[in-house]
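In: Below are the sequence and a predicted model for it; my questions follow.
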Amino acid sequence: MQISNTLSGRKEEFKPEGQPVKMYVCGITPQSSAHIGHAMSYINFDVIRRYLLYRGYGVRYIQNFTDVDDKIIAKAAPQGLTPLELADRNIADFLSDMASLNILPADVYPRVTQEIPSIIELVEGLVKKGFAYESKGSIYFRVTRLDDYGKLSHRTLDQMQAGARIEVDEDKEHPMDFVLWKAAKPGEPSWQSPWGLGRPGWHIECSAMSRKYLGETIDIHGGGQDLIFPHHENEIAQSESFTGKKPFVRYWMHNGLLQLGGEKMSKSLGNLITIKEALSQYSADGLRIFVLSSHYRSPLTFSAEIMEGSEKGALRLAQALKAGTGSSKKTDFDADFYRKRFTEAMDDDFNSPRALATLFDLVRDINRMDADNSDSSGAKALLGELTGILGLKLEPAAKTVSDDSRIAAVATEIFRELGREVPDWGGDTEKTMNDVIGLRTELRQAKKYAEADALRKKLDMAGIAIKDTPAGTIWEFKPA
């Protein structure tokens with residue numbers, strides 16, 4: 001089995017330290033509802049975990065919650081909540097979303113607020129060893145103590161400094177030094193420490209929690225590519241400096257990021273789609289096939305058209321699994337051929353697009369057997385086995401995209417791409433299409449013909465035709 005290791009920049013043979021495989025995946029900061037970017041990451045690592053289990057490895061899987069953070073603190077008060085209350089609510093919401101997506105629960109979900117002693121122990125050790133220093137009640141990591149700082153992101157300290165916008169901070173010895181422990185501010189959560197009241201910095205939390213629950217060396221550490229620097233780079237610095245052991249992580253795995261159209265999805269851009277919003281329009285299997293249709297390290301673009309194709313794929317798999325005719329007519333079906341293709345794909349850095357292609361080839365053979373009234377039970381059993389490894393439930397059969405949800409999805413995408421606030425249509429299809437047609441009319445009146453034409457083409461791709469008549473613009477579904 002080969003895994004692409006961000007640290008080395010190449011594929012390496014997977015040789016875990018022992019059993020079980022120790023796997024740590026960075027969790028969410030529960031400031032708000034989880035979005036489909038989170039779904040993408042956790043579906044990918046869920047499939048990696050499931051495949052390791054299938055290959056006979058035990059897996060101990062840890063995923064944290066950063067339940068105290070500047071953003072949580074800022075968002076809690078306007079909602080009349082304490083930071084902990086807001087975090088609790090969003091964590092419960094997140095776990096519900098994960099169950100809806102058929103993602104296996106972690107063995108432990110450690111929370112920062114419940115791990116303060118372990119964090120303080122790590123910070124104290126770094127201070128004693130000279131890797132960290134105190135300044136005005138805060139503790140900072142001294143990056144100049146390390147010759148290999150930057151080895152994960154493959155940048156030198158000078159390159160990092162040149163590429164970053166860093167404000168001058170007189171409290172730090174070096175501009176790239178990062179905070180391990182923040183001195184308390186009035187009205188913010190804080191804990192007693194050897195340096196006075198304060199709270200943990202972001203990076204130290206994962207070092208402390210992975211050490212407590214997995215030990216000083218772990219096999220796989222996962223997260224999004226946006227975490228490579230500074231978060232994971234700083235985790236390495238902290239953990240290896242504290243323990244004196246290298247490597248802290250044997251295999252660093254990073255998933256690509258999600259885009260809407262050609263634009264990265266992010267809180268700052270205000271273009272998030274929550275997991276609950278997505279599941280109100282699409283099936284969990286459809287979302288999973290959408291994610292797995294691209295390699296986990298590749299960027300992924302979300303759109304109504306792409307999701308429609310994913311839903312159709314889920315339906316094809318579900319239909320192929322339906323009970324056969326019970327025919328006794330034998331076939332020369334070769335299960336080992338498909339199982340080998342599937343495992344070869346997944347052994348190659350978890351190549352899920354190739355694995356899915358194998359499944360759809362298997363579906364084609366099943367359909368051929370059923371059409372020939374041959375015994376397809378063995379092929380269907382294999383399909384059920386392999387789809388289960390990918391976390392696809394397919395029982396009951398995956399739902400198709402209804403006409404109403406198709407319209408809601410494409411309309412939402414149109415409004416977002418044009419930078420408009422998405423109205424609350426409440427499932428009213430006529431109201432939705434009236435607003436879309438009204439938006440197109442507005443664009444045409446403003447002589448924004450290219451945008452109006454793009455809107456029309458997007459509807460057309462979703463199977464919705466609009467026609468301009470003397471009585472006004474009308475719409476209809478295109479024939480299948």
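Out: Looks like it came in fine. Residues are numbered from 1 along each chain as shown.
In: nearest residue to residue 476 other than its sequence neighbours?
Out: Nearest residue to residue 476 in three dimensions, chain neighbours excluded: residue 465, at 5.6 Å (C-beta to C-beta, 6 or more residues apart in numbering). Backbone N, C-alpha and C define where each C-beta goes, glycine included.
In: Wait, the one you found touches residue 474, no?
Out: No. With contact defined as C-beta atoms under 8 Å, residue 465 does not reach residue 474; the gap is 9.2 Å.
In: what about the residue nearest the centre of the chain, helix or strand, and which?
Out: Closest residue to the average C-alpha location of the chain: residue 41 at 2.0 Å, with C-alpha atoms, centre = their mean. Following DSSP states H and E, one finds residue 41 within helix 36-54.
In: Ok, residue 253 next?
Out: Using DSSP H and E, residue 253 falls in strand 249-255.
In: Against which helices or strands is that strand packed?
Out: strand 2-5, helix 36-54, strand 218-224 (3 or more C-beta pairs under 8 Å, 6 or more residues apart in numbering; DSSP states H and E).
In: Let me see the ranges of the strands in the stretch 51-200 of the chain.
Out: 59-63, 132-135, 138-141, 178-183, 198-200 (DSSP state E, counting those that start in this stretch).
In: among these, which is nearest residue 337?
Out: Of all the strands of the stretch 51-200 of the chain, it is strand 59-63 that lies closest to residue 337, at 27.9 Å by C-beta to C-beta.
In: Run through who's touching that closest one.
Out: For strand 59-63, contacts defined as C-beta atoms under 8 Å, 6 or more residues apart in numbering pick out 20-27, 49, 52-53, 104, 106-110, 209-210, 213-214.
In: got the CA coordinates for that strand in CSV?
Out: Extracted C-alpha coordinates of strand 59-63, given in CSV (Å, rounded to 0.1, in the frame of the first residue of the first chain):
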residue,chain,number,x,y,z
VAL,A,59,-7.3,1.6,13.7
ARG,A,60,-7.4,4.0,16.7
TYR,A,61,-9.0,7.2,15.3
ILE,A,62,-8.9,10.5,17.2
GLN,A,63,-10.5,13.7,16.2
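In: starting at the chain centroid, how far to it?
Out: On the basis of C-alpha atoms, centre = their mean, to the nearest Å, strand 59-63 sits 16 Å off its chain's mean C-alpha point.
In: What average pLDDT does it get?
Out: Across strand 59-63, the average pLDDT comes to 98.
In: and the angle for it with helix 36-54?
Out: 160 degrees (axes from the mean of the first three to the mean of the last three C-alpha atoms, to 10 degrees).
In: So what angle separates the directions of strand 59-63 and strand 218-224?
Out: Calculated by the same axes, to 10 degrees, strand 59-63 forms an angle of 40 degrees with strand 218-224.
In: now the helices: where do they sit in the stretch 201-350 of the chain?
Out: 202-214, 233-243, 275-279, 284-292, 304-321, 335-347 (DSSP state H, counting those that start in this stretch).
In: Of all those, which one is nearest residue 35?
Out: Once those are compared by C-beta to C-beta, helix 275-279 is nearest, at 6.5 Å.
In: Does anything pack onto that closest one? Which helices or strands?
Out: helix 36-54, helix 83-100.
In: coming back round to it: I'd like the helices and strands packed on strand 249-255 laid out as JSON lines, including mean pLDDT and distance to residue 82.
Out: Below are the helices and strands packed on strand 249-255 laid out as JSON lines (pLDDT from 0 to 100; distance: least, C-beta to C-beta, whole Å):
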{"stretch": "strand 2-5", "mean pLDDT": "99", "distance to residue 82": "41"}
{"stretch": "helix 36-54", "mean pLDDT": "98", "distance to residue 82": "24"}
{"stretch": "strand 218-224", "mean pLDDT": "98", "distance to residue 82": "28"}
